[in-house]
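1. Here is my input; please provide its structure:
(chains A and B)
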There are 2 protein chains.
Amino acid sequence: MQANGICNVIIPDAKDLGRALCIITGASKGFGRTIAKEISLLLKPRSVLVLAARSDDKLRELQENLASSDAGKAGLVTRCVVVDLGMKEGVESVIRAAKEISSEDIEHLILINNAASLGDVSRYAQSFTNMAEVDSYLSLNVSSALSLTAGLLQVFPRRQGLRRCVVNVSSLCALQPLPSWVLYCTGKAARDMMFRVLAEEEPDLRVLNYSPGPLDTDMQVEARDCTADPGVRKSFSVMLSQGQLLTCEDSCAKLMKVLLEDEYTSGAHLDFYDL
Amino acid sequence: MQANGICNVIIPDAKDLGRALCIITGASKGFGRTIAKEISLLLKPRSVLVLAARSDDKLRELQENLASSDAGKAGLVTRCVVVDLGMKEGVESVIRAAKEISSEDIEHLILINNAASLGDVSRYAQSFTNMAEVDSYLSLNVSSALSLTAGLLQVFPRRQGLRRCVVNVSSLCALQPLPSWVLYCTGKAARDMMFRVLAEEEPDLRVLNYSPGPLDTDMQVEARDCTADPGVRKSFSVMLSQGQLLTCEDSCAKLMKVLLEDEYTSGAHLDFYDL
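-> From the prediction side, this is the model:
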């Protein structure tokens, strides 16, 4: 059985991620939701999951699923935080929730910066004359990831017996420009660099920029339907028709393997296809 | 005599940049000011320089210098726009000024996105919990460059006989993380990617990410005095004491050479030391 998506990957030494406080943004659907489900299977009892997203219903549904799962029955605690991470109050709520719910015996802090928006891909760069639109995009996709990460690292400072790990859900677009995807590419490039700086600054921290590959998600549908550039749009259709899209489970399995092995260079950009 | 800094560079075929409308942001001091002076020597009579910066006095002084220079006497028109490019009104003012002052016989649109701030380098990434501070930095350093570029490309669309060129004053920090420089590195990485996307989208446009090297400017003093990371701070002191800082004139000379030759791959990141 491969229901959890990790059975087809050889898992090395470490079998779990310890007693963890794990914060996942954008957890209500797509890749974030899959990460929440998969990582719950790798956490020791009395671990805590903090799930942040805008959608209340979907978060609650996920919380119920997790509560009735083996992990939930074994004592996993899940806290939902319904927030807009494009607002500072949203970021502060997540930090506060993590602080409130965490206990002293946490061995592992894991932050998965997954929340992201595609931006308007139906237009080319030279249409972005509205600075407020660009500001708003960067606020949600760049500033909030930095503020949230910084806030959590302050609340959970370096201490004996605590491992700390920050994952940035990145993209090939952090490295390669894609016509009509100026906001997305810019935001992803900015985030990668931000987390590379963090990795340089904090040697005790484990920082990973993980590029999950082309996932079969709502965002992919939006990309396929809305992308202005005909060549790029076609390449998405071809990926779909030729079965090249990845399931969230397959990509998440590789991410979990990397986290368990814990051998990556901190700050590195790792792509699904390179693993 | 090497007063203008370009005499020691072999200038190939093209001897000038044509009858140009040239917009330079952050033109009141440092590299932007040098670009204004040097480029004025390469423009044909009846060209127009639009100089944008926050400092009124320094802009006016530059304008007077240019008016009494050979270029000024030969008919170069200079317009100053005193603005804060971190605000949309600032960006709009520059676009409006360029539109008002331009004439139909312009052969070359040149936009030099030079304005930038260092950000607070006295602190590490994990201190940036204030989202508004990050937002504000990205607004000035990323959003405004996109909005200004987009607005100018709309006002001066592709047409027969008009060359269009956009320069992003980049940095090694767009490629390499520097401890305690999280905002600067993030902003520069974001800008590079933004202009790479633009280059992919607009094949008729010439887009250059130029990294000018370590310049002997006010920003360098700020970097040397304020950088939190001791290793990075020391490296700036060593650069100064060993005479490794570049003059704005030397770096600008290479940029002018690249613009005159016009042989770079659009969207490329070119570094002073690679040229």
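
2. Could you list the low-pLDDT ranges of chain A?
-> Along chain A, the parts satisfying pLDDT under 70 run over A:1-13.

3. hmm, try it at 90
-> For chain A, applying pLDDT under 90 flags the ranges A:1-15, A:103-105.

4. Output the longest helix belonging to chain A.
-> The longest helix of chain A (DSSP state H) is helix A:182-201.

5. what does the helix or strand following it rub up against?
-> Following helix A:182-201 in sequence order, the next helix or strand is strand A:206-211 (DSSP states H and E). Strand A:206-211 has contacts (CB atoms under 8 Å, 6 or more residues apart in numbering or on different chains) with A:163-172, A:174, A:191-192, A:195-196, A:198-199, A:255, A:258-259, A:262, A:264, A:266-272. Yep, even glycine has a C-beta here, placed from its N, CA and C like the rest.

6. So for the helix or strand containing A:S237, what gets flagged as buried?
-> Taking DSSP H and E as the definition, A:S237 sits inside helix A:230-241. The neighbour-count check on helix A:230-241 (16 or more other CB atoms under 10 Å in any protein chain shown) flags A:232-233, A:235-236, A:239 as buried.

7. Tabulate these (a markdown table), appending distance to chain B.
-> Below are those laid out as a markdown table (distance: CB to the nearest CB, whole Å):
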| residue | distance to chain B |
| --- | --- |
| A:V232 | 10 |
| A:R233 | 14 |
| A:S235 | 13 |
| A:F236 | 16 |
| A:M239 | 19 |
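
8. Near chain B, which residues of the stretch 1-150 of chain A are found?
-> Neighbours of chain B within the stretch 1-150 of chain A, by CB under 8 Å from any CB of the partner chain: A:88, A:91, A:124-132, A:134-135, A:138-139, A:142-144, A:146-147, A:149-150.

9. Mind doing that once more with 10 Å?
-> Selection of the stretch 1-150 of chain A residues close to chain B by CB under 10 Å from any CB of the partner chain yields A:85-92, A:95, A:123-139, A:142-150.

10. ok so, going back, are there helices or strands packed against the helix holding A:S237, and which ones?
-> Helix A:230-241 sits against helix A:218-226, with contacts defined as 3 or more CB pairs under 10 Å, 6 or more residues apart in numbering or on different chains; DSSP states H and E.

11. and the residue nearest the centre of chain A, how far is that from B:D204?
-> The residue lying closest to the centre of chain A (CA atoms, centre = their mean) is A:N114, at 2.4 Å. For A:N114, the distance to B:D204 equals 38 Å [CB to CB, to the nearest Å].

12. now A:D216
-> 36 Å.

13. Among those two, which residue is more densely surrounded?
-> Comparing A:D216 with B:D204 by other CB atoms under 10 Å in any protein chain shown, the one with more neighbours is A:D216, at 18 against 10.

14. Name the helix or strand for A:K15, please.
-> Following DSSP H and E, one finds A:K15 outside all helices and strands.

15. Excluding chain neighbours, what is closest to it?
-> Sequence neighbours aside, A:L260 is the residue nearest to A:K15 in space, at 7.6 Å (criterion: CB to CB, 6 or more residues apart in numbering or on different chains).

16. Pretty sure that neighbour sits against A:L42.
-> Yes. Using CB atoms under 10 Å, A:L260 makes contact with A:L42 at a distance of 6.9 Å.

17. quick one: buried residues of the longest helix of chain A?
-> In helix A:182-201, counting by 16+ other CB under 10 Å, buried: A:182-201.

18. ok, now stretch A:201-211?
-> A:201-202, A:205-211.

19. Quick check: end-to-end length of that stretch?
-> 22 Å (CA to CA, to the nearest Å).

20. In chain A, what residue spans correspond to strands?
-> If DSSP state E is used as the criterion, the strands of chain A fall at A:20-25, A:48-53, A:77-82, A:108-113, A:163-169, A:206-211, A:269-271.

21. for the closest residue to A:L43 other than its chain neighbours, which residues make a bridge with it?
-> Using CB to CB, 6+ apart and skipping residues adjacent in sequence, the residue nearest A:L43 is A:A20, 5.0 Å away. Counting by DSSP bridges, A:A20 forms beta bridges with A:H108.

22. what sits against A:A20?
-> Counting by CB atoms under 10 Å, 6 or more residues apart in numbering or on different chains, A:A20 makes contact with A:39, A:42-44, A:46-49, A:76, A:102, A:106-110, A:163, A:165.

23. Please produce a ChimeraX select command covering the buried subset of those.
-> In ChimeraX syntax, the buried subset of the contacts of A:A20 is picked out as below (16+ other CB under 10 Å):
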select /A:39,42,43,44,47,48,49,76,102,106,108,109,110,163,165
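
24. Check the burial of A:D84 by counting its neighbours.
-> Using other CB under 10 Å, A:D84 is surrounded by 15 other residues.

25. Hmm, it is touching A:S144, no?
-> Yes. Judged on CB under 10 Å, A:D84 makes contact with A:S144 at a distance of 9.2 Å.

26. Name the residues contacting each of these two.
-> A:90-91, A:115.

27. Make CSV out of those and add neighbour count and distance to A:T247.
-> Formatted as CSV, the shared contacts of A:D84 and A:S144 follow (neighbours: other CB atoms under 10 Å in any protein chain shown; distance: CB to CB, whole Å):
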residue, neighbour count, distance to A:T247
A:G90, 23, 29
A:V91, 28, 30
A:A115, 26, 20
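
28. And for A:G243, the neighbour number?
-> The number of residues near A:G243, taken as other CB under 10 Å, comes to 7.

29. if I pick A:E222, what's in contact with it?
-> A:117-118, A:121-122, A:236.

30. go again using 8 Å as the cut-off
-> With contacts defined as CB under 8 Å, 6+ apart, the neighbours of A:E222 are A:118, A:121.

31. how close does it sit to B:Q220?
-> Taken as CB to CB, the span from A:E222 to B:Q220 is 44 Å.

32. again with A:L21
-> 42 Å.

33. quick revisit: the residue nearest to A:K15 reaches A:A14, doesn't it?
-> Yes. A:L260 sits in contact with A:A14 when judged by CB atoms under 8 Å, with a separation of 4.7 Å.

34. okay, those two: which has more neighbours?
-> Neighbours were counted for A:L260 and for A:A14 using other CB under 10 Å; A:L260 has more, 18 against 12.

35. quick one: A:L175 and A:H269 touch, right?
-> Yes. Using CB under 8 Å, A:L175 is in contact with A:H269, at 6.9 Å.

36. circling back: mind giving me JSON lines with the buried residues of stretch A:201-211 and columns for distance to A:Q63?
-> Formatted as JSON lines, these follow (distance: CB to CB, whole Å):
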{"residue": "A:E201", "distance to A:Q63": "34"}
{"residue": "A:E202", "distance to A:Q63": "31"}
{"residue": "A:L205", "distance to A:Q63": "28"}
{"residue": "A:R206", "distance to A:Q63": "27"}
{"residue": "A:V207", "distance to A:Q63": "28"}
{"residue": "A:L208", "distance to A:Q63": "26"}
{"residue": "A:N209", "distance to A:Q63": "28"}
{"residue": "A:Y210", "distance to A:Q63": "24"}
{"residue": "A:S211", "distance to A:Q63": "28"}
